[in-house]
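*Asks:* Curious how this folds, go ahead:
(2 chains)
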Amino acid sequence: MGGSVEAVPGATRAEVCVVAVAECFRGDGERLCNPIGTIPMIGGRLARETFEPSLVMTDGFAMFTSSCLPPGVNPYRNVDGRLELDEVVESWNPYPQMFTVLWNGKRHVMMGASQIDRYGNQNIACIGDWHRPRAQLLGFRGAPGNTINHTTSYWVPNHNPKSFVEKVDVVSGVGYDRAAALGPRAARFHEIRRVVSNLGVFDFETPDHRMRVRSVHPGVSLEEVQEATGFELAVAEDLDETRLPTMEELRLIRDVIDPAGLRTTEVKN
Amino acid sequence: MPDKRMTEEDVIAELRDGMTIGIGGWGSRRKPMSLVRAILRSPLRDLTVVSYGGPDIGLLCAAGKVRKAIYGFVSLDSIPLEPHFRAARQAGALEAMELDEGMLLLGLQAAAWRVPFLPTRAGLGSDLLTAMPEIRTVRSPYEDGEELVAMPAIQLDVALIHMNRADQAGNGQFLGPDLYMDDWFSLAADRTFLSCEQVVPTEDFARFGSFHTLRISRLNVDGVVEAPNGAHFTECPPDYGRDEAFQKQYVAAASSEETWSAFAREWLEFESEVEYQKALAARRQG
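*Replies:* Numbering: from 1, shown residues only, chains lettered A, B, ... in the order given. A predicted model of the protein is given here:
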């Protein structure tokens, strides 16, 4: 369900997705921008290289880094049989410290979602009953802690009725209905900001926090998005096409951030 | 200082069926694999394994040694899903306590600090609490009255960790980017056995790294095993990276009983760790 992809002058669908991801981090300022996955990483780095220069970013391992390693590049290089770090480190952030950062709240993570529902409940744990899963996936991982402690967005590279579902099998990441049920105090740090898929951009800026189409990517119709979604979407009054990358953004994506073109492995053209 | 040096087989002699064993490292990183391989060679069974899991949990599941797994995840990092663990979960072959990654840290910290639980917001509103009703909530006794998850202490009988360097008394040095939770594993356990790439004189630690790398104290270590290349096939930087080719072979072999038993014959059925390392060296020559 990739949709018919019209040629967008100068930009591919993957590059439109990268820009849509970058836009999720607009306004975050000096915060840990922690996108997970290839296109999220490229998008997060694009945001830092352009309109959000204060963002703090990780190398995906144990460091906050101000250099810009392309995704997929191991920060270690082999020097005479020993591994040495090859990046500009601004702070050491090993895993135990990462939990402190996320419980402290100055973080915006973008995670994947095997399933997501209209209130932003996300499942990465398993398909079927948790006690005897039909397919064990990643497990809860960091999703429960992330969603209840700081801003979370989601990236779904293959938008279809099996990923955008009426009801997720297991709630790993907490959605708006679950957060509301906890009451305002417990939910005060909960924010699901956006979902970006290969078809469009979605938010929860509706009175009851139902998922809303905010923009469709160029070459995708609203009908196509609705057909690929297992529940009824709210539609933004000012629904538009997702914006195209600027020439400078395209240059950064292609020449600086992702010269190996890994973005096309997640979203085909 | 005491001399706590021992062999993998000496460690196994200290373990019993039904024990709760914590395994340090993270995913497919700096796992005490020589000790895991020694458990695989042993008749030990019915284990509860606590881990930020990787091939440690996978291999122990494949060998039918795991009754219960307590984990933040089970992943091979560069290959996201551990095939043997998945198969075991999907067959209902083990009891699972599947935690948010941070909750597992809190469980170890609670055990280390000898308190019954630590409060956290993580887990609220998610299905983690409905799937595992044994994890309960607690109400703040202060004015806020907030309800929080009471992450229970995870008390370990034994912790197994792998360090880059150690002295014979059990002080451990990590030279890679991350200690992971190895300090907490050692503190949460009644007894800790540490394997390392190299046992060095205490005064030599400074040659390898600053004092910041000395994060495991002999206070919490009961045995030291010198195990060069002992984390194979997981990574142990800066000494070596992950053996990705071996890991791929491991995952491919898990696809059928036939290919797995061939893999087991070739790579698991050794008399000792020495034989395993010899076979690896021959493979590299090969």
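*Asks:* ok, the closest residue to A:G142 other than its chain neighbours - contacts?
*Replies:* Nearest residue to A:G142 in three dimensions, chain neighbours excluded: B:E101, at 5.0 Å (CB to CB, 6 or more residues apart in numbering or on different chains). Just so you know, the C-beta spots here come from the backbone N, C-alpha and C atoms, and that holds for glycine as well. Counting by CB atoms under 8 Å, 6 or more residues apart in numbering or on different chains, B:E101 touches A:95, A:99, A:141-142, A:145, B:52, B:72-73.
*Asks:* And for B:Q198?
*Replies:* Applying CB under 8 Å, 6+ apart to B:Q198 gives the contacts B:164-166, B:226, B:228.
*Asks:* Kindly report the same for B:Y71.
*Replies:* Residues near B:Y71 by CB under 8 Å, 6+ apart: A:139, B:49-53, B:57, B:96-99, B:104.
*Asks:* before we move on, the earlier item: now, which of the contacts of B:E101 sits nearest A:A113?
*Replies:* Checking those against A:A113 with CB to CB, the nearest one is A:R141 at 11.7 Å.
*Asks:* For that closest one, give me its contacts.
*Replies:* A:124, A:172, B:72-73, B:100-101 are the contacts of A:R141 under CB under 8 Å, 6+ apart.
*Asks:* Repeat that for A:A186.
*Replies:* A:148, A:179, B:121, B:124-125, B:146-147.
*Asks:* and with 6 Å instead?
*Replies:* By CB atoms under 6 Å, 6 or more residues apart in numbering or on different chains, the contact list for A:A186 reads B:L124.
*Asks:* Secondary structure class of it, three-state.
*Replies:* Put simply, A:A186 is coil when judged by DSSP: H, G, I helix; E, B strand; the rest coil.
*Asks:* What's the per-residue pLDDT of it here?
*Replies:* Predicted confidence (pLDDT) for A:A186: 95.
*Asks:* and after the host helix or strand of B:T130, which helix or strand comes next?
*Replies:* Per DSSP states H and E, B:T130 falls inside helix B:128-131. For helix B:128-131, the succeeding helix or strand toward the C-terminus, using DSSP H and E, is strand B:136-139.
*Asks:* so what secondary structure elements neighbour that following strand?
*Replies:* strand B:147-152 (3 or more CB pairs under 6 Å, 6 or more residues apart in numbering or on different chains; DSSP states H and E).
*Asks:* what are the pairing partners of the strand it packs on, and which direction each?
*Replies:* Sheet pairing here is set by DSSP bridges, and for strand B:147-152 it gives strand B:117-120 (antiparallel), strand B:136-139 (antiparallel).
*Asks:* Check which element follows it along the chain.
*Replies:* With elements assigned by DSSP H and E, the helix or strand that comes after strand B:147-152 is strand B:156-166.
*Asks:* With just CA atoms, put that following strand into CSV.
*Replies:* The C-alpha trace of strand B:156-166 is given here as CSV (Å, rounded to 0.1, in the frame of the first residue of the first chain):
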residue,chain,number,x,y,z
LEU,B,156,19.4,-12.2,42.2
ASP,B,157,21.1,-15.4,43.5
VAL,B,158,24.0,-14.9,41.1
ALA,B,159,25.1,-12.2,38.7
LEU,B,160,27.4,-13.0,35.7
ILE,B,161,29.2,-10.0,34.1
HIS,B,162,32.0,-9.6,31.6
MET,B,163,34.6,-6.8,31.9
ASN,B,164,37.5,-5.7,29.7
ARG,B,165,40.0,-5.9,32.6
ALA,B,166,39.9,-7.1,36.2
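*Asks:* other SSEs contacting it?
*Replies:* Counting by 3+ CB pairs under 6 Å, 6+ apart, strand B:156-166 packs on strand B:20-23, strand B:172-173, helix B:182-188, strand B:189-199.
*Asks:* Out of these, which is closest to A:P259?
*Replies:* With CB to CB as the criterion, A:P259 lies closest to strand B:189-199 of these, at 35.4 Å.
*Asks:* Please report how far the residue lying closest to B:C236 once chain neighbours are set aside lies from A:F51.
*Replies:* Take B:C236 and drop its neighbours on the chain: the residue closest to it by CB to CB, 6+ apart is B:R30, 5.2 Å away. Look at B:R30 and A:F51: by CB to CB, to the nearest Å, they are 38 Å apart.
*Asks:* same question, B:E271
*Replies:* B:E271 is 62 Å from A:F51, where distance means CB to CB.
*Asks:* Pull the contacting residues for the residue nearest to B:C236.
*Replies:* Applying CB under 6 Å, 6+ apart to B:R30 gives the contacts B:162, B:231, B:236.
*Asks:* now with 10 Å?
*Replies:* Applying CB atoms under 10 Å, 6 or more residues apart in numbering or on different chains to B:R30 gives the contacts B:24, B:54, B:161-164, B:174, B:176, B:178-180, B:182, B:197, B:230-231, B:234-237, B:239, B:242.
*Asks:* before we move on, what about B:L179?
*Replies:* B:L179 makes contact with A:62, A:94-96, B:24-26, B:30, B:161, B:163, B:172, B:213, B:215-216, according to CB under 10 Å, 6+ apart.
*Asks:* and it, that's in a helix?
*Replies:* No - counting by three-state DSSP, B:L179 falls outside a helix, being coil.
*Asks:* What segments of chain A are helices?
*Replies:* A:13-24, A:38-49, A:95-104, A:143-149, A:176-182, A:222-227, A:247-251, A:263-266 (DSSP state H).
*Asks:* Can you give the distance of the last one from its chain's centre?
*Replies:* When C-alpha coordinates are averaged (CA atoms, centre = their mean, to the nearest Å), helix A:263-266 and its chain have centres 14 Å apart.
*Asks:* just checking, what packs against that helix?
*Replies:* Here helix A:263-266 touches helix A:13-24, helix A:38-49, going by 3 or more CB pairs under 10 Å, 6 or more residues apart in numbering or on different chains; DSSP states H and E.
*Asks:* same question, the fifth one
*Replies:* Contact here means 3+ CB pairs under 10 Å, 6+ apart; on that basis helix A:176-182 packs against helix A:143-149, strand A:191-197.
*Asks:* Out of those, which is closest to chain B?
*Replies:* Comparison of those against chain B by CB to the nearest CB identifies helix A:143-149 as nearest, at 3.3 Å.
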